[in-house]
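Asks: Here is a sequence with its predicted model. Questions after.
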Amino acid sequence: MFIICILLRYLCTKYMRYLSKFLFLYILFVYFFCVPLYSTVRAQINTIFVSPTLIDAVVKPGKSITIPYLIQNQGESGTMKISLVPIEFRDKSNSVNPLFNQTPAIPYTINDESATISDPFLIQSKSSKKISVTLNVPQAIQYKDYYLGLTIELLPQPPTNGNVNSQIHPMIIPLIYLSISDTSYTTNSGKISQFTTLAPFFRFHLGDTIVDIFDSSDQIPILLSIVNFGKYRIKPKGSIIITSSIGQKQEYKIQDQYILADSEKTISIGSKEKQSCSSNNKRDICNQPYSLLLSQGKFGWYSITNAISFGNNTSILYGHTNFIALPLGLIFYTCLIVFFCIFFFLFFKFKVKKN
Amino acid sequence: MKRVLIVFFLIYSLFSIFIPLSIAQEKQESTRYKIELTPLQDTSSDDKDSNQYNMLTEDEQIEFERSGIVIRNNSFNNSFGIAISSNKISFEEVESQSSTNMQSLDIKLISNTNMDGRVVIIQDQLLTHVTANTPIPNTSCDLDSCSLSKSQQWQDSSNIGYGYNISSKFAPSDFQNINMYRPLPSINRKESPTTILSTKIPIQTLDGQITFKFIKSRTFIEGTYVHNLYIIAIPVY
């Protein structure tokens, strides 16, 4: 370090007259080249954020609930529109459908710090806005779950005359899951609809038991699907245990997740970060919904059991399935070699006998 | 010696396959629960009216009885947002000649924590002439083969219409290359938004590039065509 300082000082004193020119050229370079390049890469005209992302509440009829939100505009100044819409979740994949043309069954008002917001408003660049959404639950309302979404959108500029214009509306929708009930008691409405291994090499029945055979070099996907036929969302708790033929046990916990009213869901189990699906898998399991992906290298008989509950003091639902993992490739090539050995042995034996 | 080895191998194979069957039928207990293994089909009850339970914890129950409101779970520390590189896709004038046009947008879903999120897309209606009210149709791709949920090749310039391609590792798997396109779903046709970016693993950033393609026809009326296109970021819980 000391030597570098001495060297720099020597260079500065010797080439002082060139230093100012160098600095000038350097500044010009940065201003005309780097700054425009940087801004092109970083520019996102529309950037909006919201917090919180989800509210899960239970409310009695006749009560009001107020939810605060913080909205940030990190992009350019623009016109923002906020409203509340019912959200419909469809099928097993939980596909989401904001019902833009419908008004929610629960009357609501949206306020900022000073007034009620009903019309679009101007939001400045790099600014934030605090709003609150008040839901006034009517006394006469059906007792069930209501799924709502707060739609926060940036409105586009007017269209260009004579052109073909797709007017882009960037939108974010934080969710509100609302249970309306006068009691906190409900019926246990969950049921395991599927618990099985997927895409086996071969499947057979052994009495009442279904057994899947996998190649030891393959990943093994497990599907656990739960159906909720009730009026309120449920949160399954529990785990699945995989027991090998030598008695070794491995437990995977069910992740914290909702199964919405009157829907079915593929349950996530274990840490998804640790389950990377290999893209060269010929069985195309990566594009199928699965709950847990066991790594390669399994060998022998495995028994899989699950134990799931949906609330305090509810009965435990359980399921059971099996699979066998064998080195099928190794077995195939060994059989092939044995077959050829026997063939050549018999061939030469026959030839020698003939001679 | 060979016979002994073969007999040993056979016995081991039978042991490793059939003995665990009997183990699996046994009862298993842990500190948290007790399981008696039975086939899945017999496990849960169809009697929906039994089995009442309290959906709140004891503390939540006290709060619910007192105020009538309980917030069971909130994410006040969590935030998420969307970043889009432009607020307009604008193609040049529709003149009396056919041509192919493409424009792209960068889309990013960002959150402050790892979360399951998705980006969906929907248009309010087909691109429609502002005065004549005539629409530009959605693409049906080459050989009338694509749908709202399945992209297909769209390279033939005689197949007029409007469609999109998404390029991202978070895009649906059917978008295998830049020539694969899908039509857009419409609100006025009561169609659901289509997912264009999603992840199986909770993650902080999802990004991709969406390309809109428009093939003109000589039969289109000249003038201004407009529709609204909603690009929506939504968390998944």
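Replies: Cool, the structure landed. Numbers count the residues shown, from 1 in each chain, chains lettered A, B, ... in the order given.
Asks: Could you list the domains of chain A?
Replies: Domains of chain A are assigned by automatic domain parsing as A:48-156+A:169-180, A:190-333.
Asks: Can you get me the start-to-end distance on the longest one?
Replies: Using C-alpha to C-alpha, to the nearest Å, the end-to-end distance of domain A:190-333 comes to 47 Å.
Asks: pLDDT on that domain, on average?
Replies: Domain A:190-333 shows a mean pLDDT of 84.
Asks: What's the local residue count around the closest residue to A:L150 other than its chain neighbours?
Replies: In space, and not counting its chain neighbours, A:L150 is closest to A:P174: 5.3 Å by C-beta to C-beta, 6 or more residues apart in numbering or on different chains. To be clear about C-beta, it is placed using only N, CA and C from the backbone, and glycine gets the same treatment. For A:P174, the tally of surrounding residues (other C-beta atoms under 10 Å in any protein chain shown) stands at 26.
Asks: With the one 3 residues further on instead?
Replies: By the measure other C-beta under 10 Å, the count of residues near A:Y177 is 22.
Asks: and it, what element?
Replies: strand A:175-180 (DSSP states H and E).
Asks: what mean pLDDT does that strand have?
Replies: Strand A:175-180 shows a mean pLDDT of 94 in the predicted model.
Asks: which of the residues in that strand are buried?
Replies: By 16 or more other C-beta atoms under 10 Å in any protein chain shown, the buried positions in strand A:175-180 come out as A:175-180.
Asks: Which members of the residues you listed additionally contact chain B?
Replies: Subset of the buried residues of strand A:175-180 in contact with chain B: A:175, A:177, A:179, counting by C-beta under 8 Å from any C-beta of the partner chain.
Asks: In chain B, mark out all the helices, start to finish.
Replies: Taking DSSP state H to define them, one finds helices in chain B at B:2-24, B:58-67.
Asks: Can you flag the weakest of those by average pLDDT?
Replies: The weakest mean pLDDT among the helices of chain B belongs to helix B:2-24, with a mean of 55.
Asks: Can you tell me which of the buried residues of strand A:175-180 is nearest A:V211?
Replies: The closest of the buried residues of strand A:175-180 to A:V211 turns out to be A:Y177 (C-beta to C-beta; 40.0 Å).
Asks: check contacts around the closest one.
Replies: For A:Y177, the contact set (C-beta atoms under 8 Å, 6 or more residues apart in numbering or on different chains) comprises A:54-57, A:145, A:147, A:233, A:258, A:260, B:237.
Asks: Redo these as CSV? Include secondary structure.
Replies: Formatted as CSV, the contacts of A:Y177 follow (DSSP: H, G, I helix; E, B strand; the rest coil):
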residue, secondary structure
A:L54, strand
A:I55, strand
A:D56, strand
A:A57, strand
A:D145, strand
A:Y147, strand
A:R233, coil
A:Y258, coil
A:L260, coil
B:Y237, coil
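Asks: Tell me the one of the residues you listed nearest B:L184?
Replies: A:Y147 (24.5 Å).
Asks: Beta-bridge partners for that closest one, please?
Replies: A:Y177 (DSSP bridges).
Asks: Quickly note the distance from it to B:N54.
Replies: As for A:Y147, its distance to B:N54 is 22 Å (criterion: C-beta to C-beta, to the nearest Å).
Asks: Would you check how far apart B:A83 and B:R72 are?
Replies: Here B:A83 is placed at a distance of 31 Å from B:R72 (C-beta to C-beta).
Asks: what about those two, which has more around it?
Replies: Per other C-beta under 10 Å, whichever of B:A83 and B:R72 has more neighbours is B:A83, with 22 against 17.
Asks: Hmm, the more buried one is touching B:K108, no?
Replies: Yes: counting by C-beta atoms under 8 Å, B:A83 touches B:K108, with 4.3 Å between them.
Asks: A:Q257 touches A:T266, doesn't it?
Replies: No: the pair A:Q257 / A:T266 is not scored as a contact, 10.0 Å apart, by C-beta under 8 Å.
Asks: which stretches of chain B have low pLDDT?
Replies: Applying pLDDT under 70 to chain B flags residues B:1-51, B:74, B:93-98.
Asks: Tell me where the model's unsure across the stretch 51-200 of chain A.
Replies: Residues of the stretch 51-200 of chain A meeting the criterion pLDDT under 70: A:91-94.
Asks: any idea which residue sits dead centre in chain B?
Replies: Closest to where the C-alpha atoms of chain B average out (C-alpha atoms, centre = their mean) is B:T195, at 4.1 Å.
Asks: And it, how close does it get to chain A?
Replies: Per C-beta to the nearest C-beta, to the nearest Å, B:T195 is found 7 Å from chain A.
Asks: right, and that residue touches A:S95 too?
Replies: Yes: using C-beta under 8 Å, B:T195 is in contact with A:S95, at 6.9 Å.
Asks: From what I see, A:V59 and A:T66 are in contact.
Replies: No: in this structure A:V59 lies outside contact range of A:T66 using C-beta under 8 Å: 11.3 Å.
Asks: neighbour-wise, which of these two wins?
Replies: A:V59 (24 against 12).
Asks: Please name the bridge partners of that one.
Replies: Where A:V59 sits in a bridge, its partners, by DSSP bridges, are A:I180, B:I69.
Asks: what sits against it?
Replies: Taking C-beta under 8 Å, 6+ apart as the test, what A:V59 contacts is A:65, A:135, A:137, A:178-180, B:68-70.
Asks: One more pass at 10 Å, please.
Replies: Listed by C-beta atoms under 10 Å, 6 or more residues apart in numbering or on different chains, the contact partners of A:V59 are A:65, A:106, A:135, A:137, A:141, A:146, A:178-182, B:64, B:67-71.
Asks: tell me how far the longest strand along chain B is from the chain's mean position?
Replies: Criterion DSSP state E: the longest strand present in chain B is strand B:100-115. Averaging C-alpha positions (C-alpha atoms, centre = their mean, to the nearest Å) puts strand B:100-115 14 Å from its chain's average.
Asks: That strand: partners in the sheet, and parallel or antiparallel?
Replies: As assigned by DSSP bridges, strand B:100-115 forms pairs with strand B:80-84 (antiparallel), strand B:203-215 (antiparallel).
Asks: Name the residues of the last one that are buried.
Replies: This means strand B:203-215. So, applying 16+ other C-beta under 10 Å, buried residues of strand B:203-215: B:203, B:206, B:208, B:210-215.
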